[in-house]
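J.: Predicted model and sequence below, questions to follow.
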Amino acid sequence: MIIVGVDGSVASRAAVEWAANDAFRAHQPLRIVHAVDHSPYQIARFPSDDWPDALVRTGHRFLAEAVALAHERQPDVEVTTELIEGPAAVVLREQSKDATEVVVGSRGLGGFAGALLGSVSVNVAGHTRCPVVVVRGERRETFGEVTVGVDDSPECEPALAYAFEQARRRGGTLRVVHAWQLPVHAFAPDIPYDMDEVRTAQHRLVTDRLAAFREEYPQVTVVEDVLSAHPVNALADASDRSDLVVVGSHGRGVMGSVLLGSVSRGILHHARCAVAVVRSGPA
């Protein structure tokens, strides 16, 4: 089951469209969830008996609009709804226990063109066991390409598996980006580095990492991008021509933003397309 959170925003509508399309491609049902959070209005100085009913009525309206949009996009997808009391991030994290994927909209923070991520999407992406897709509200052309970031750790394999499957369902190209940087001590004059050997080793790393997936997904066209650059910059550049960027996350911190890891957190803020965060272990 694919779950999408809605709140009536433009980004939320984009998330519903994305989730309906992905549910259709994956042959899965879609559950649309709206969280009714009373806490901001439970202030003793400003009591009101009307707030709970008004919030529930608005929530049902958001759900009805989302269902209509999902059916407009994909009439054959099975759609159910849930209106649940509680903070949005907590509700979506609880709902994710039954999900194969959670889709949320990215919320504008204003001021900075690249800083378009809200606290709910950060929290859900940082604490949810299943893949979390964060969708921008802006409309873009379709490129027919999925991008995935890889490194030299085995933890990136769940992200690779998700990206290959997305590319297969879409009948598109998979761009595999491996951005590498020399360690700081490499710039010390007394430590020689053969750059040709370094580049060859980085290409071999990617080729070896992809071998099993290429065999499993022979129908997927794969493009390898191996370059010397910061991973966030390389993935952000690739997002210009991608429909989806997939990143793994294996941060070990205690806060949501730290759990994401620096690369996944950075690309969530700076990608120009939807981003899927795929965890390598329990949330």
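T.: Great, that's in hand. Numbers count the residues shown, from 1 in each chain.

J.: For the helix or strand hosting residue 89, buried residues please.
T.: Counting by DSSP states H and E, the element that carries residue 89 is helix 88-95. Buried residues in helix 88-95, defined by neighbour count with 16 or more other C-beta atoms under 10 Å: 88, 89, 90, 91, 92, 93, 95. No exception for glycine: its C-beta is placed from N, CA and C like everyone else's.

J.: Using PDB, list the CA coordinates for that helix.
T.: The C-alpha trace of helix 88-95 is given here as PDB (Å, rounded to 0.1, in the frame of the first residue of the first chain):
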ATOM      1  CA  ALA A  88       1.100  15.100  10.900                       C
ATOM      2  CA  ALA A  89       4.600  13.700  11.200                       C
ATOM      3  CA  VAL A  90       3.600  11.300  14.000                       C
ATOM      4  CA  VAL A  91       0.500  10.200  12.200                       C
ATOM      5  CA  LEU A  92       2.300   9.500   8.900                       C
ATOM      6  CA  ARG A  93       5.100   7.600  10.800                       C
ATOM      7  CA  GLU A  94       2.500   5.400  12.400                       C
ATOM      8  CA  GLN A  95       0.700   4.800   9.200                       C
END
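
J.: Who does the next helix or strand along the chain from it pair with, and is each partner parallel or antiparallel?
T.: Following helix 88-95 in sequence order, the next helix or strand is strand 101-105 (DSSP H and E). Using DSSP bridges, strand 101-105 pairs in its sheet with strand 2-5 (parallel), strand 132-135 (parallel).

J.: so which of these comes closest to residue 146?
T.: Shortest distance between residue 146 and the strands paired with strand 101-105, using C-beta to C-beta, is found for strand 132-135: 11.8 Å.

J.: returning to that earlier point: let's have the strands paired with strand 101-105 in a markdown table, adding mean pLDDT, mean neighbour count and distance to residue 119.
T.: Output for the strands paired with strand 101-105, formatted as a markdown table (pLDDT from 0 to 100; neighbours: other C-beta atoms under 10 Å; distance: least, C-beta to C-beta, whole Å):
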| stretch | mean pLDDT | mean neighbour count | distance to residue 119 |
| --- | --- | --- | --- |
| strand 2-5 | 96 | 27 | 13 |
| strand 132-135 | 94 | 28 | 12 |
